[in-house]
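Student: coordinates only, sequence not included:
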């Protein structure tokens, strides 16, 4: 394996909810998990709803803090979480959100304005690009978020189910764009329900179940194990 870009060590995340008037219920979203990701690797996270996939990505992005364990990577490593509608100001237009995103990534306004036109072309939102994001469907938010992520540059791209919505034509276009970015040595952590997408895109993957890693390794081998247990 080449240089490690990110290391997860004994990571645990708990959610506490009230059960009745006095009792508190603790649910472990993630239970003492560990793995490493190499620079330039495309790493998949597979599992059904409630298995801890989205919580894991938020921890890796730094938008959640664990109850115990660590996510270790260099301070100069940039990370971006791409999830449906995440990070958008819904009262601003798609154009304004794209512009802000580019400028937050360090581009000058002149550079950002050029990138915004590329985002508009890729997202294919038509006149909705100049409408508030609160008027968007989930598929339209996905298009905007994905197009913005493909144009801007980060060291680690965290993708949460955004290829699961929208029409098939855009899905194919998005998969092709992601593949091009991968070929340029982009490090990607990819969450999906889709076995086919994980198989097509990922070098290695983990299978999460109830917050625990059931299997880790070569995508083909993990997939075979996952499919056999679902029968």
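Tutor: Perfect, thanks for sending it. Since the model is a prediction, treat every value here as computed from it, not as a measurement. Residues are numbered from 1 along each chain as shown.
Student: okay, and the beta partners of the residue nearest to the spatial centre of the chain?
Tutor: With distances taken as Cα atoms, centre = their mean, residue 159 lies nearest the centre of the chain, 2.0 Å away. Taking DSSP bridges as the rule, residue 159 bridges to residue 82, residue 190.
Student: give the contact list for it.
Tutor: Neighbouring residues of residue 159 by Cβ atoms under 8 Å, 6 or more residues apart in numbering: 82, 149, 178, 188-191. For every residue, glycine as well, the C-beta is placed using N, CA and C.
Student: can you flag the buried ones in those?
Tutor: Neighbour counting by 16 or more other Cβ atoms under 10 Å classes 82, 149, 178, 188-191 among the contacts of residue 159 as buried.
Student: domain parsing for this structure?
Tutor: For the chain, whose domains are defined here by the TED database, the residue ranges read 1-77+155-175+184-230, 85-154.
Student: tabulate these (JSON lines), appending mean pLDDT.
Tutor: Conversion of the domains of the chain to JSON lines gives the following (pLDDT from 0 to 100):
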{"stretch": "domain 1-77+155-175+184-230", "mean pLDDT": "88"}
{"stretch": "domain 85-154", "mean pLDDT": "91"}
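Student: on that earlier part again, looking at the contacts of residue 159, which one is closest to residue 136?
Tutor: Nearest to residue 136 out of the contacts of residue 159 is residue 82 (Cβ to Cβ; 15.4 Å).
Student: do you know how far that closest one is from residue 178?
Tutor: According to Cβ to Cβ, to the nearest Å, residue 82 stands 10 Å off from residue 178.
Student: again, but for residue 220
Tutor: The gap separating residue 220 from residue 178 is 20 Å, by Cβ to Cβ.
Student: so who does the nearest residue to residue 131 once chain neighbours are set aside touch?
Tutor: Spatial nearest neighbour of residue 131, excluding adjacent residues (Cβ to Cβ, 6 or more residues apart in numbering): residue 93 at 6.0 Å. Residue 93 makes contact with 129-133 under the criterion Cβ under 8 Å, 6+ apart.
Student: likewise for residue 66?
Tutor: 11-13, 30, 59.
Student: flag every buried residue along the helix or strand hosting residue 174.
Tutor: Taking DSSP states H and E as the criterion, residue 174 maps to helix 168-183. Residues of helix 168-183 classed as buried: 170-171, 173-174, 177-178, 181-182 (neighbour count, 16+ other Cβ under 10 Å).
Student: same check, this time on stretch 16-33
Tutor: Within stretch 16-33, the residues that count as buried by 16+ other Cβ under 10 Å are 29-31, 33.
Student: what ranges do the helices span in this structure?
Tutor: Ranges of helices in the chain, per DSSP state H, are 53-61, 94-104, 109-123, 138-151, 168-183, 195-201, 219-230.
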